[in-house]
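**Q** pasting the sequence and the predicted coordinates here, then a few questions.
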Amino acid sequence: MTQATGAGGASRTRLLDVIASIGPPIAVISTVLAYFGWSQAAAQAKYMGLNVALFDFSDQDYVRFSVGNLFTPLVCLLAVGLCVLGLEKWLRGRIETGDRPAVRRIAGAAAAVGVLVAGGALLVVALQPGRTVLYAPYVVAAGVLLAAWATRLHWLAHPGKPEALSVGHRVGQGALIFGLVTLLLLWGAGDHADDVGRRAAMDIEQNLDALPRVELYSPSPLAISAPAVTETKLGTDAEPLYRYDGLHLLAVSGGRLFFLPDGWTVRSGPVVVLPDNDAVRVEYGH
């Protein structure tokens with residue numbers, strides 16, 4: 001009975017360790033994806049003279065926006081993580097065979113590299129106040145993680161170490177690293193997303209003709225003031241009908257239609273916003 005209870009306790013402990021290992025990374029990645037998507041959409045809207053709240057995007061929309069721009073960094077992060085896990089397994093094998101001094105030297109060198117990388121990136125940011133240094137927060141986060149991992153490995157290779165750290169110590173240490181890395185990733189995601197949003201707005205300006213061309217039909221005047229938009233009265237006095245040309249569809253979101261007039265630029269040119277209902281008929285073309 002005691003052995004069964006002990007086996008069950010060991011299984012629960014291993015399960016908790018697995019959850020503790022994969023839970024925080026998943027939470028961090030989900031948070032960064034949502035924040036990056038929101039920051040990107042907000043930056044693009046700002047550069048186009050809009051507010052992101054007008055689009056009424058959902059959390060799923062923000063995650064979808066970020067996947068394309070963060071796919072490569074996330075794949076690289078996964079590859080690095082797998083390499084680190086393989087390296088740690090090999091080093092733990094060296095510890096079990098008694099080659100602790102070599103492992104401590106490797107861990108010490110890795111910790112030093114992590115500190116230098118994080119410190120160097122922070123120095124670059126400090127030397128350029130007021131300017132955005134893209135990817136610098138990511139580099140700092142990588143340096144912090146490398147130093148933390150190497151420090152733990154160095155502790156494991158110490159000949160006089162206790163069998164295990166207290167639960168409180170491990171939780172406190174993990175929470176500190178988790179919080180610091182999360183803040184750094186959010187900082188980096190904000191800077192990166194702002195740059196992506198700005199470039200997306202400029203790309204729309206340079207490739208406006210790639211957006212679908214539309215014609216609007218309305219029984220009442222819409223009073224669109226953009227110079228490139230022409231109004232043509234087609235109906236009769238009894239049944240008036242107005243057609244508007246010279247517009248491109250930007251987006252359909254939040255119960256609204258967003259249009260850009262011919263010749264629209266980031267610095268000048270209005271964005272036409274209409275409710276998405278039956279009051280206005282929209283025809284799409286090339």
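**A** In hand now; what should we look at?
**Q** got any ranges where the stretch 1-150 of the chain has weak pLDDT?
**A** 1-25 (pLDDT under 70).
**Q** where along it do the helices fall?
**A** With helices called from DSSP state H, counting those that start in this stretch, the stretch 1-150 of the chain shows them at 2-47, 59-96, 100-126, 136-156.
**Q** can you give the contact residues for the last one?
**A** When you say that, I think you mean helix 136-156. 73, 84, 88, 91-92, 95, 103-104, 106-111, 113-122, 124-125, 161, 177, 180-181, 184-185, 187-188, 191 (Cβ atoms under 8 Å, 6 or more residues apart in numbering). Placement of C-beta: from N, CA and C, glycine included.
**Q** from the helices of the stretch 1-150 of the chain, which stretch is densest packed?
**A** helix 136-156 (a mean of 19; mean count of other Cβ atoms under 10 Å).
**Q** next, the buried residues of the next helix or strand after that helix.
**A** Next along the chain after helix 136-156, taking DSSP states H and E as the criterion, comes helix 167-206. Burial within helix 167-206, assessed by neighbour count using 16 or more other Cβ atoms under 10 Å, is assigned to 177, 181-182, 184-198, 200-201, 204-205.
**Q** ok, back up a step: of the helices of the stretch 1-150 of the chain, which is nearest R213?
**A** Checking the helices of the stretch 1-150 of the chain against R213 by Cβ to Cβ gives helix 2-47 as the closest, at 21.3 Å.
**Q** for this protein, what's the longest strand?
**A** Assignment by DSSP state E gives strand 242-253 as the longest strand of the chain.
**Q** the closest residue to R281 other than its chain neighbours: what's it in contact with?
**A** Spatial nearest neighbour of R281, excluding adjacent residues (Cβ to Cβ, 6 or more residues apart in numbering): Y217 at 4.2 Å. Y217 makes contact with L234, L241, Y242, R243, Y244, V280, R281, V282, E283, according to Cβ under 8 Å, 6+ apart.
**Q** domains in this protein, by residue range?
**A** The chain resolves into domains spanning 2-206, 208-285 when parsed by automatic domain parsing.
**Q** tell me how far the first one lies from the chain's centre.
**A** To tie it back to what came earlier, the one meant is domain 2-206. Chain-centre distance of domain 2-206: 13 Å, with Cα atoms, centre = their mean, to the nearest Å.
**Q** and for the last one?
**A** Relative to its parent chain, domain 208-285 has a centroid offset of 33 Å by Cα atoms, centre = their mean.
**Q** and the end-to-end length of it?
**A** By Cα to Cα, to the nearest Å, the extent of domain 208-285 from end to end equals 14 Å.
**Q** could you give the mean pLDDT of it?
**A** Across domain 208-285, pLDDT averages out at 90.
**Q** compare the contacts of Y217 and tell me which is most surrounded.
**A** Y244 (24 neighbours; other Cβ atoms under 10 Å).
**Q** is it correct that that one is in contact with T230?
**A** Yes. Counting by Cβ atoms under 8 Å, T230 is a contact partner of Y244 at 7.0 Å.
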